[in-house]
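Undergrad: need a structure here:
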Amino acid sequence: MNVKLPLKYKLDLKIIGVALLYYLSARLGYFFAFEGSTALPAWPPSGIGFALIILLGRSSWPGITIGSLVANVMAYWNDPHLPAQVIIGMSSLIAVGNTVEALLGNYLVKVWIKDDFPFKNAKNAFRFLFVTLIMCWFGAGIGMFGLYLNNLVLPENLLRVGISGWVGNVVGILLFTPFFLACSKKPQIRFTSEKAIEVGIFVLCMTGIVLLLQIDYLLPTLERALPFLVLPFLLWLAFRFDLIVAIVGVVATALMSIYMTVTGVGPFVLSDSYNSMLLLQIFIGVISITTIILSATVKERQDAQSKLLEFNENLESMVAERTRALNEEISTRKEAEEKIQRTNHELSKRNTELDNFVYSVSHDLRAPIASVLGLINLAKKDIDTDMKDMYLDMINKSALQQDHFIKEILDQSRNSRLEVKREEIQFEPLIDETFNQLKFATSTGQSVQKVIHITQEGPFFSDRWRLKVILNNIISNAIRYRNGKDPVIKVNVEIKEHLATLAIEDNGKGIDKDHLPNVYKMFYRATDDGAGSGLGLYIVKEAIDKLNGHIDIESEVGRGTTVTLAIPELI
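TA: Numbers count the residues shown, from 1 in each chain. This next block holds a predicted model:
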């Protein structure tokens, strides 16, 4: 059953838990005390209390006070030379010192380091070291004052005891605070095949050292050299593994060193217990600091490499994105330049056409009018009825010529302005309509034979007006420039795969090959016969271009002309 405690009890349980852990860690510290002395090589509660107050918050400080008070009272209670009030007074001052020490350390971490896990980089690791030195100075100072106040420390031993207590607190923090903080991060230790090989080598090396210690003539030297032999392995752990693995190695080494020294063996055993303990504390402090700093440096380097890798990936994506944007911009600029070039070409073309248009229009519009005015003057002066009828026919011809010219100009204007319109096209009625409109296009009564062949099985969609203009101009030219005997115009239409192919063939006068490249130019006349405007084939070519089609003219003088059109269907 999952029982949720009321909120008001959570703080109480937190304080009780901190007090219990503090008391148990104090018992561990007293277990490693030197025989016949109260000197402690390491004070684990300092490290555990500091870690707990960082993790649980400063509201848990009463647990440190309670745990420290109970631990010290229990440690000194069985001493027959100390009255109860002395034990309680001394223990109370030591408890106050331990509490102040933890609160001060927590405050400095929050204000100076600003990170609950100060082992991510070397700078914060060094700051953690300085915080440890400062906070332990206050804790050891208050504890030493309590011992001095109760006459438990002689004045000449005051400095010695104070330094020993201060170093013991520092060692306790350096050993256990990183361990608890690293455990709180829930580290995920992943052993790859490479790491497994390294662990195997580590175990073999340590086993080798133990075996070498069994050799009598090597024992004195190796025993003194053990601190130097162990240090490279601890650095290896710090360099290759996470902090939790490295600090476990340091804690194991420290506890083993303390146990060996307390039992009177090892490289730290000196004639005086205080000196032995101080040498041991220095060794533990050095390996702890070295391991922590190296681990933080490696972590910082790994984070920097990870950020650099991420930056490189982002940079590559940014470069790719920018390159893509530049390519799009270049493509857009190229399209704009091409459009500008096309526009400039079109403007140049239109300007040239406009110049020709103004000149030709002024000539072709004025010429029929001048002719009409001259004929009218002649008709006024001539009293012969037959001559007047002839003058009227000539006036009519000039008017028709001007009307045809104006119609061509309107067709050109509409073709350039109007958008393409998609309509269903039936070619047979369209061609018949064109021939019917042109059957009176000549002044003579000579008929033209037409042969029309259309292959159209399904609907075809295009612009009907433009097709009408195209057919009208081509068939009109075929009629105008027919031969004098048996003129024939053949129109073949075939629609296949969305493409209409038209072939308009006549047996007329034909066009000289020298003129064929220029017949699509505005106001270009291949011959003066018939006095055409020179706009017909120009309008045809413009309309064909609007429909995305193609025109081809084959002609031979005296044999006729064939105009082939390829017009794609409008989708």
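Undergrad: what mean pLDDT would you report for the biggest helix by length in the chain?
TA: Longest helix in the chain by number of residues (criterion: DSSP state H): helix 273-381. Average pLDDT, helix 273-381: 80.
Undergrad: With stretch 466-486 instead?
TA: Mean predicted confidence for stretch 466-486 is 83.
Undergrad: So which bits of it are buried?
TA: 466-482 (16 or more other CB atoms under 10 Å). Backbone N, C-alpha and C define where each C-beta goes, glycine included.
Undergrad: how far out from the middle of the chain is it?
TA: Relative to the chain's own centre, stretch 466-486 is displaced by 65 Å; criterion: CA atoms, centre = their mean, to the nearest Å.
Undergrad: do the same with stretch 169-187
TA: Using CA atoms, centre = their mean, the offset of stretch 169-187 from its chain centre is 40 Å.
Undergrad: Give the buried residues for that stretch.
TA: So stretch 169-187, judged by 16+ other CB under 10 Å, has buried residues 169-182.
Undergrad: taking these one by one, which sit in helices?
TA: Per DSSP H, the buried residues of stretch 169-187 map to helices at 169-182.
Undergrad: what are the ranges of the helices in the stretch 351-500 of the chain?
TA: 385-417, 427-438, 464-480 (DSSP state H, counting those that start in this stretch).
Undergrad: Flag whichever of those helices has the least confidence on average.
TA: The bottom spot among the helices of the stretch 351-500 of the chain, by mean pLDDT, belongs to helix 385-417, with a mean of 68.
Undergrad: For the spatially most central residue of the chain, give me its contacts.
TA: Residue closest to the average C-alpha location in the chain (CA atoms, centre = their mean): Ser317, at 5.0 Å. Not one residue lies near Ser317 by CB atoms under 8 Å, 6 or more residues apart in numbering.
Undergrad: Would you mind measuring from the closest residue to Val131 other than its chain neighbours to Ala196?
TA: Leaving aside its chain neighbours, Val131 sits nearest to Leu108 (4.5 Å; criterion: CB to CB, 6 or more residues apart in numbering). From Leu108 across to Ala196, the span is 40 Å (CB to CB, to the nearest Å).
Undergrad: In terms of neighbours, single out the busier of the two.
TA: A count of neighbours by other CB atoms under 10 Å puts Leu108 above the other of Leu108 and Ala196, at 17 against 10.
Undergrad: mind listing what's buried in the host helix or strand of that one?
TA: Here Leu108, judged by DSSP states H and E, is contained in helix 84-108. Residues 86-88, 90-106, 108 are the ones in helix 84-108 that count as buried (16+ other CB under 10 Å).
Undergrad: ok, Arg482 - contacts?
TA: Contacts of Arg482 (CB under 8 Å, 6+ apart): Gln446, Val448, Ile489, Asp506, Asn507, Gly508, Lys509.
Undergrad: can you pull the contacts of the closest residue to the fifth one other than its chain neighbours?
TA: Nearest-residue entry for Asn507: Gly560, 4.1 Å, with adjacent residues in sequence omitted and distances by CB to CB, 6+ apart. With contacts defined as CB under 8 Å, 6+ apart, Gly560 is in contact with Asn483, Glu505, Asp506, Asn507, Gly508, Gly510.
Undergrad: so can I have a markdown table of the residues you listed showing secondary structure and distance to Ala26?
TA: Formatted as a markdown table, those follow (DSSP: H, G, I helix; E, B strand; the rest coil; distance: CB to CB, whole Å):
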| residue | secondary structure | distance to Ala26 |
| --- | --- | --- |
| Asn483 | coil | 130 |
| Glu505 | strand | 119 |
| Asp506 | strand | 122 |
| Asn507 | coil | 126 |
| Gly508 | coil | 125 |
| Gly510 | coil | 123 |
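Undergrad: Please identify which two of those residues are farthest apart in space.
TA: Among the contacts of Gly560, the pair separated by the greatest distance (CB to CB) is Asn483 and Glu505, at 13.2 Å.
Undergrad: any weak-confidence spans in the stretch 151-300 of the chain?
TA: 187-191, 213 (pLDDT under 70).
Undergrad: Show me where it has its helices.
TA: 158-184, 193-212, 219-240, 243-262, 273-381.
Undergrad: now, of the ones you listed, which is deepest in the fold?
TA: helix 158-184 (a mean of 22; mean count of other CB atoms under 10 Å).
Undergrad: centre of the chain versus that one, how much separation?
TA: 48 Å.
Undergrad: what about the helix or strand that the helix holding Leu108 is followed by, average pLDDT?
TA: Moving toward the C-terminus from helix 84-108, the next helix or strand (DSSP H and E) is helix 122-149. Mean per-residue pLDDT for helix 122-149: 89.
Undergrad: Give me the packing partners of helix 122-149, helices and strands only.
TA: helix 44-56, helix 84-108, helix 158-184, helix 273-381 (3 or more CB pairs under 8 Å, 6 or more residues apart in numbering; DSSP states H and E).
Undergrad: how about TSV for those, with distance to Ala33 added?
TA: Formatted as TSV, these follow (distance: least, CB to CB, whole Å):
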stretch	distance to Ala33
helix 44-56	12
helix 84-108	15
helix 158-184	10
helix 273-381	9
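Undergrad: between those helices, which one is nearest to Thr132?
TA: Here helix 158-184 is closest among the helices and strands packed on helix 122-149 (CB to CB), at 4.8 Å.
Undergrad: Hey, what's the angle from the closest one to helix 273-381? Just curious.
TA: 40 degrees (axes from the mean of the first three to the mean of the last three CA atoms, to 10 degrees).
Undergrad: Between helix 84-108 and helix 158-184, find me the angle.
TA: Using the same axes, to 10 degrees: helix 158-184 against helix 84-108 is 50 degrees.
Undergrad: how close does Ile489 sit to Gly558?
TA: For Ile489, the distance to Gly558 - CB to CB - is 17 Å.
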